[in-house]
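Peer 1: Following is a predicted model, sequence given first.
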Amino acid sequence: MSQKLSQPVLRFAPSPNGRLHLGHAYSALYSWNAARQLGGIALLRIEDIDLERSKPEFVAAIFQDLHWLGFSWPEPVMLQSERMDIYADAGNHLRDQGLLYPCFCSRTELAASSEGNDPDGAPLYPGTCRHMQRGEQIERLERGDPVQFRLDVEKAMDRVGMLTFSVVGPLITDRPQIRHAWPERWGDVVLQRKGMPTGYHLSVVVDDAEQGITHVTRGRDMEAATDIHALLQMLLGLPSPIYNFHKLILNDDGKKLAKTRNSEGLADLRAKGWTPEDVRRAVGL
Ligand code: GLU
């Protein structure tokens, strides 16, 4: 599925755990516009690793909404749920380098942490399981205790030394700037969630590389997480795309639109008589 090196390749990568809203429409329009400005293409990727929340009907609705907005994309569409073996290989590669460790902490234990917060406001992991003896790790793994695997971020940073990535903007055609990454502010992030060979960060870097993505356009809410992605790209020997962070579409209370806050879906707007032009106008593109 990799593209020719010379051709810019962008992507829109929604998670099918609800209906698309105006925030997604903006992000999709932004990626397709940027691809056009660069003379490249935009791919669609379905980020459905969350097997409980992702639903086939939401995948079908994504296709329908995007077609309605006037988009087309090369087939086949990458579905992350079909790529668990590939993520497991990437995870094993990091484990072989001694960079992942099993964490058996419960949600309640994590919530009680007083180490400060990560850029998303979640409590920083205090490192409870980081230095667990090998014997105890094996015993608990064999017993089948619920486990997730975390990246030892300090150890990883010692391996890579100085870490940077390229950012472009506000225009996609601007000259890229080098930015220093600071993944330590996330603490030891979870790379493999309970009962899964992966999590968001691991899948996204593996797939951006597999699809030959040259420019990642994403909302500003994902800007800080890009530090982790730059680190994983170095550790896994993957190319690092150029990043561009776009504005978020906010609701009347100034909050980011979200499926969980019952933001009106594109399908609802369509049913009310909105046209794709109305959507473009509403998001300012
Ligand atoms: N799948 C993510 C979402 O729907 C976005 C992925 C990304 O830009 O890396 O929010």
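Peer 2: Sure, I can see it. The structure displayed is predicted, hence computed values, not measured ones.

Peer 1: Show me which residues of the stretch 151-285 of the chain sit near the ligand.
Peer 2: Residues of the stretch 151-285 of the chain lying near the ligand by C-beta under 6 Å from any ligand atom: Val204, Arg218, Met222. Every residue, glycine included, has its C-beta placed from N, CA and C.

Peer 1: Next step: those restricted to helices.
Peer 2: Val204 (DSSP state H).

Peer 1: Just the buried ones from the residues of the stretch 151-285 of the chain next to the ligand?
Peer 2: With neighbours counted by 16 or more other C-beta atoms under 10 Å, these contain buried members at Val204, Arg218, Met222.

Peer 1: Provide the count of other residues in contact range of the residue nearest to Asp145 when sequence neighbours are not counted.
Peer 2: Spatially, and ignoring its direct neighbours in sequence, Asp145 is nearest to Phe104 (5.2 Å; C-beta to C-beta, 6 or more residues apart in numbering). Phe104 sits with 17 neighbouring residues when counted by other C-beta atoms under 10 Å.

Peer 1: pLDDT averaged over the helix or strand where Ile138 lies - what is it?
Peer 2: Assessed by DSSP states H and E, Ile138 sits inside helix 134-143. Across helix 134-143, pLDDT averages out at 98.

Peer 1: The helix or strand encompassing Leu94: which residues count as buried?
Peer 2: Leu94 is part of helix 84-96, with elements assigned from DSSP H and E. Buried residues in helix 84-96, defined by neighbour count with 16+ other C-beta under 10 Å: Ile86, Tyr87, Ala90, Gly91, Leu94.

Peer 1: on contacts alone, who are the packing partners of the longest helix seen in the chain?
Peer 2: In the chain, with assignment by DSSP H, the single longest helix is helix 22-38. Secondary-structure packing of helix 22-38 (3 or more C-beta pairs under 8 Å, 6 or more residues apart in numbering; DSSP states H and E): strand 9-12, strand 41-46, helix 56-69, strand 215-219, strand 242-246, helix 266-271, helix 276-283.
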